[in-house]
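Q: coordinates only, sequence not included:
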């Protein structure tokens, strides 16, 4: 786990980074985990102030169709906690956009960008936890199912990065590590909101993906930018994302206890790559994610995985 000084430096680097809407959602999750109630409220208020008329929260890039929904969980939760009708209305607008306003395939599966009929693995994290927290479990499972049917390889169990709906074929067939991380983390985040069969189904999806990915871990404790291509560089953020998923499942009891130890090992491998400033080195670099470097995602996921590790240890 992170000691207090390293945790503070990792958080400082996250907070001073330039962030997109999905990074704001991850930052909100970090602030909630750390009990920083005032900072979380300030972030949520700013996300609502920047909400587009169609409902997309904190969206500064109008091409992004779904990323603002990563904030929806926190706007919705804070609305209930404070009894704030303005926040409740903002969460409802974001829900309306995801439910009916955003572009989608004939079966309802959401496209990731406006002006492009592509289904991306990333969308799972953006929308599935938000739909689940809104009590819309059927829609959450439907989105996971629609994405899986297009992107998951039935033999390897790995997820491709992108599908082109018009071509009826994969637009990017690579088993991109970060894309698989988004799926695992999004499914793990949603389980606690989903009762009964829906929660069981989403937990099983997270377990299946972890089982497919973990054998591809490299000798240095990390995973590749492309999971099944040893020629690609390692990506520290993938280990943090998968560590978050494994530790969340172990802490909440829907994964076997041994996954907590695996997640703890993944967190330790990432902590070794934190530099003196508190930056997680060796992640897929923002803003283009085309080379090793740093990203707000990697900062946030290390903090989220560390918090999940603390929850798992406390429950042992």
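A: Good, I have the coordinates. The shown structure was predicted, so the numbers you read here are calculated from the model rather than taken from an experiment. Numbering: from 1, shown residues only.

Q: so where do the helices sit in the protein?
A: Taking DSSP state H, the helices of the chain run over residues 4-16, 21-34, 37-49, 72-82, 85-96, 123-133, 137-151, 177-191, 196-213, 236-252, 258-271, 296-314.

Q: ok, residue 269 - contacts?
A: 220, 221, 222, 236, 239 (Cβ atoms under 8 Å, 6 or more residues apart in numbering). The way it works is simple: take the backbone N, C-alpha and C, and place the C-beta from them, glycine included.

Q: could I get those residues as TSV with pLDDT, neighbour count and distance to residue 18?
A: Listed next are the contacts of residue 269 as TSV, based on pLDDT from 0 to 100; neighbours: other Cβ atoms under 10 Å; distance: Cβ to Cβ, whole Å:
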residue	pLDDT	neighbour count	distance to residue 18
220	95	13	29
221	96	16	29
222	98	23	25
236	98	29	20
239	98	33	24
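
Q: now distance to residue 257 too, for those residues, in CSV please.
A: Converted to CSV, the contacts of residue 269 look like this (distance: Cβ to Cβ, whole Å):
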residue, distance to residue 257
220, 25
221, 20
222, 23
236, 25
239, 20
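
Q: of the helices of the chain, which is nearest residue 63?
A: When the helices of the chain are compared by Cβ to Cβ, helix 21-34 sits nearest residue 63, at 11.3 Å.

Q: and the closest one with helix 37-49, angle?
A: Calculated by axes from the mean of the first three to the mean of the last three Cα atoms, to 10 degrees, helix 21-34 forms an angle of 160 degrees with helix 37-49.

Q: switch to numbering from 273
A: Noted, 273 is the first residue going forward, which turns the last one into helix 293-306.

Q: what's the average pLDDT for helix 293-306?
A: For helix 293-306, mean pLDDT rounds to 98.

Q: ditto for stretch 373-382
A: Per-residue scores along stretch 373-382 average to 98.

Q: buried residues in it?
A: 374, 376, 381, 382 (16 or more other Cβ atoms under 10 Å).

Q: for the closest residue to the last one other than its chain neighbours, give its distance to residue 495.
A: The spatially closest residue to residue 382, leaving aside those adjacent along the chain, is residue 376, at 5.0 Å (Cβ to Cβ, 6 or more residues apart in numbering). In this structure, residue 376 and residue 495 are separated by 31 Å, where distance is defined by Cβ to Cβ, to the nearest Å.

Q: residues in contact with residue 279?
A: Residue 279 neighbours (Cβ under 8 Å, 6+ apart): 575, 578.

Q: swap in residue 573?
A: Residue 573 neighbours (Cβ under 8 Å, 6+ apart): 298, 453, 457, 509, 512, 513, 516.

Q: now swap in residue 568 and tell me
A: Residue 568 neighbours (Cβ under 8 Å, 6+ apart): 286, 289, 290, 291, 292, 295, 298, 299, 558.

Q: what is the nearest of those to residue 474?
A: The shortest approach to residue 474 among the contacts of residue 568 belongs to residue 298, at 19.4 Å (Cβ to Cβ).

Q: the closest one is in contact with residue 570, isn't it?
A: No: judged on Cβ atoms under 8 Å, residue 298 makes no contact with residue 570 at a distance of 9.9 Å.

Q: more crowded one of the two?
A: Using other Cβ atoms under 10 Å as the criterion, residue 298 and residue 570 rank with residue 570 on top: 34 against 24.

Q: identify the residues contacting the more buried one.
A: 508, 509, 512, 552, 555, 556.

Q: now it: how far from residue 348?
A: The separation that residue 570 has from residue 348, given Cβ to Cβ, amounts to 26 Å.

Q: how about residue 340?
A: To residue 348, residue 340 is 13 Å away according to Cβ to Cβ.

Q: more neighbours, those two?
A: residue 340 (31 against 22).

Q: quick one: residue 318 from residue 361, how far?
A: In terms of Cβ to Cβ, residue 318 sits 16 Å off from residue 361.

Q: out of the helices of the chain, which is closest to residue 336?
A: helix 293-306 (6.4 Å).

Q: burial count for residue 418?
A: For residue 418, the neighbour count with other Cβ under 10 Å is 20.

Q: and the closest residue to it other than its chain neighbours, what does it touch?
A: Nearest residue to residue 418, sequence neighbours excluded (Cβ to Cβ, 6+ apart): residue 381, at 3.1 Å. The contact partners of residue 381, by Cβ under 8 Å, 6+ apart, come to 391, 414, 415, 418, 419, 421, 422.

Q: I figured the third one hits residue 403, correct?
A: Yes: counting by Cβ under 8 Å, residue 415 does reach residue 403; the two are 6.6 Å apart.
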